[in-house]
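Asker: only geometry, no sequence info:
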């Protein structure tokens, strides 16, 4: 008996295995949107809870959630912050996984009022769903009378759900007004400290910049003098006492810079949307270029001499050698900008205003001040013997920081001109910097600098490659033109195109701008020679459902398409081959093998 049971189990397992082995390759492993994102709602008087149970391996885009009331008014509402997700084409976006709850409070709801909820999500395996729309019927809610207030949102359960951002009016929140057909991308988060910096370097670079600024000709020679003032003219102090006074001076200077960073970040947060406008980005880029030119010595930027004199007198009135006096001296010194520090400080402040992040703003300026103060601490404790000798090299350090500042306008302009031109701008900057470094090193006599010259020359040649490709054309092997598709827009046009194929096989590609994997197909699969050769005798059709219009929805329903990317294949008689249907991304090798298996 036991032997029969074991045999039966083995037969069942074998049947399951063979069924999986001979499954049709076109069968989709992706579930319908309603199963991937199970939506539900519940209303209790004024409170409406919108919930999504998100299947493992799937996620919703925060920016794609849109609430549209009809015959109803919503109180101040906010979306919870999500987790950050990054892809090659749309950058960083906030997403939700597992479970999402959005409590909404009604100020008023008339008879027959509804709340239209639009959302969109994708699968980790490379499959995106069109925007989904649900209509929530609302029970009648009387308007709030004068003197009463709408109750606040109920607290979220503590089971891993993130805290809410400060509530904002629904009409002004970008999360609740974003068009569903836009790419799922979010440049900034409303959760200030949760938003990562989307700028070209982290705050830790500010520490290195501060150290570098300390070795410019306007700053380094001042350290012995400042050290003497900090010590109060006393030559014999214990090492611990000297270290403490120098550290306190640096902390006073850092406090001023940190406060300045917080103020600028707070101001930038208020104008975050305006700071992303192309005209503003161009204006900021022009300012950065002017700041860089000042580092190259074309002109001088500094505080008015009268203000500098007044601040210096205030600092001199403080008593050196005492912690309180030294701290005050450092705080005041933070306001005195020399010609070498004005441009870098201004560039960092504009960088902070772009981020609109308070933690980033304060931390960046603190690390910048700490970097400038480290050499001062060393001089105060160990004396001048640790300082390098002054010379022309300090001017070269200043010029090098001019190139660092020039990287910021390139980063900002890249958002406007696009990736190809952005790459050329980076190439131009790299050629300029490494060529300057090579020419500067030519006058050096030390043997080890010969190696530096070779490295700089090689780096300049490598940096020039994008400019060379642009000017003279890329190599033929890299110039694979994309597949040429014929666009169709509805079922009638599809039937007409199939009839006109004249006995040729047909491939139908369903595309949308919000589909990341569709762009991966274009860049990594359709651009290869092997795929193009395999499709040279095939009629190529494409449907763009980016707008998710009623016509698009009807077409997707007619073709029984769950999401994108989906590629359909038709034989020479115009009949679809369901077993050959492709859902989700395929690399060039896998897709080529799939095409060879398809024998129309």
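Answerer: Done, it's in. Everything quoted here is computed from the prediction, not taken from an experiment.

Asker: gap between the residue lying closest to residue 246 once chain neighbours are set aside and residue 585?
Answerer: Leaving aside its chain neighbours, residue 246 sits nearest to residue 380 (3.8 Å; criterion: CB to CB, 6 or more residues apart in numbering). C-beta coordinates here come from the backbone N, C-alpha and C atoms, glycine included. Note on residue 380: its distance to residue 585, by CB to CB, to the nearest Å, is 60 Å.

Asker: I'd say the residue nearest to residue 246 and residue 241 touch.
Answerer: No. When contacts are counted by CB atoms under 8 Å, residue 380 is not listed as touching residue 241 (10.1 Å).

Asker: residue 128 contacts residue 122, correct?
Answerer: Yes. Contact criterion CB under 8 Å: residue 128 and residue 122 qualify, at 4.1 Å.

Asker: low-confidence ranges, the stretch 351-500 of the chain, go.
Answerer: 354-356, 383-391, 393, 415, 418-419, 443-445, 468-482 (pLDDT under 70).

Asker: helices of that one, start to end?
Answerer: Assigned by DSSP state H, counting those that start in this stretch, the stretch 351-500 of the chain shows helices spanning 358-382, 393-417, 419-442, 448-463, 465-472, 491-500.

Asker: now the fourth one: buried residues?
Answerer: Along helix 448-463, the positions that meet the burial threshold by neighbour count (16 or more other CB atoms under 10 Å) are 453, 456, 457, 459, 460, 463.

Asker: could I get those residues in a markdown table, plus columns for distance to residue 413?
Answerer: Converted to a markdown table, those look like this (distance: CB to CB, whole Å):
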| residue | distance to residue 413 |
| --- | --- |
| 453 | 31 |
| 456 | 25 |
| 457 | 27 |
| 459 | 22 |
| 460 | 22 |
| 463 | 17 |
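
Asker: closest to residue 46 out of those residues?
Answerer: Residue 46 has its nearest neighbour among the buried residues of helix 448-463 in residue 463, at 61.2 Å by CB to CB.

Asker: OK, contacts around the closest one?
Answerer: 427, 430, 431, 434 (CB atoms under 8 Å, 6 or more residues apart in numbering).

Asker: same question, residue 432
Answerer: Residue 432 sits in contact with 403, 406, where contact means CB under 8 Å, 6+ apart.

Asker: what's the answer for the one 3 residues further on, then?
Answerer: For residue 435, the contact set (CB under 8 Å, 6+ apart) comprises 456, 460.

Asker: that one and residue 104, how far apart?
Answerer: Residue 435 is 59 Å from residue 104, by CB to CB.

Asker: check the residue nearest to residue 561 when sequence neighbours are not counted and give its pLDDT.
Answerer: Nearest non-adjacent residue to residue 561, counting by CB to CB, 6+ apart: residue 510, 6.0 Å away. pLDDT, residue 510: 92.

Asker: tell me which strands the helix or strand containing residue 510 pairs with, and in which orientation.
Answerer: Using DSSP states H and E, residue 510 sits within strand 506-511. Here strand 506-511 is paired, per DSSP bridges, with strand 539-544 (parallel), strand 566-570 (antiparallel).

Asker: now residue 545: closest residue in space that isn't a chain neighbour?
Answerer: residue 552 (4.0 Å).

Asker: that neighbour: helix or strand, and which one exactly?
Answerer: helix 550-559.
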